[in-house]
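1. sequence unknown, structure follows:
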């Protein structure tokens, strides 16, 4: 993997999450918060879970302590996504193997290379975006296309 490829994956994840967040925020509040019995209850809670992970992993790669956002998701998440993209633009191929020491939410210490953290962030978001897509369909709402191929097509 190269730094350029990693940057592209992070941009894709931002693109897909923003499309889905926009779709969810256009729903009536009752549909945004309805418990649909999925892993993180409903559409907004699931997107909030992705946002939380994007935020906590960003603090870990910077060696900072996690601070809960003070702004709503539609304000804070784009800021976090932009921070990921700006951080990644400074990466070189050699930076990808840099070890990052951090503790998980239970306090267990780990060391993980940058490239694995970044791919985890993208993969984690993709998993949960898929859940949101299914929940939108349960609500009778057609979800926006967020597959990687649609991102590539829009980049041409």
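-> Cool, the structure landed. Note that the coordinates shown come from a computational prediction; the quantities given were computed from them, not determined experimentally.
2. Show the secondary-structure elements that whichever helix in the chain runs longest is packed against.
-> Looking across the chain with DSSP state H, the single longest helix is helix 114-138. Other helices and strands packing on helix 114-138, by 3 or more Cβ pairs under 8 Å, 6 or more residues apart in numbering; DSSP states H and E, are helix 3-25, helix 43-61. Bear in mind the C-beta positions are built from the backbone N, C-alpha and C, glycine included.
3. what's the closest of those helices to residue 87?
-> helix 43-61 (7.0 Å; Cβ to Cβ).
4. Give me the helices and strands touching the closest one, please.
-> helix 3-25, helix 29-33, helix 73-89, strand 99-103, helix 114-138.
5. Helix 43-61 and the third one, what's the angle between them?
-> The reference is to helix 73-89. For helix 73-89 against helix 43-61, the angle by axes from the mean of the first three to the mean of the last three Cα atoms, to 10 degrees is 30 degrees.
6. Quick check: pLDDT value at residue 27.
-> You'll see residue 27 listed with a pLDDT of 97.
7. check contacts around the closest residue to it other than its chain neighbours.
-> Excluding the flanking residues, the one nearest residue 27 by Cβ to Cβ, 6 or more residues apart in numbering is residue 141, at 6.6 Å. By Cβ atoms under 8 Å, 6 or more residues apart in numbering, residue 141 lies in contact with 23, 27, 31.
8. so which of these comes closest to residue 130?
-> When the contacts of residue 141 are compared for distance to residue 130 (Cβ to Cβ), residue 23 wins out at 13.8 Å.
9. Now residue 62: closest residue in space that isn't a chain neighbour?
-> residue 87 (7.6 Å).
10. And residue 41, by the same measure?
-> residue 35 (4.6 Å).
11. hang on, the one you found packs against residue 43?
-> No - Residue 35 is beyond contact range of residue 43, at 10.3 Å (criterion: Cβ atoms under 8 Å).
12. which of these two has more neighbours?
-> residue 43 (30 against 9; other Cβ atoms under 10 Å).
13. on that earlier part again, output the helices and strands packed on helix 114-138 as TSV; include the columns distance to residue 110.
-> What follows is the helices and strands packed on helix 114-138, written out as TSV (distance: least, Cβ to Cβ, whole Å):
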stretch	distance to residue 110
helix 3-25	20
helix 43-61	9
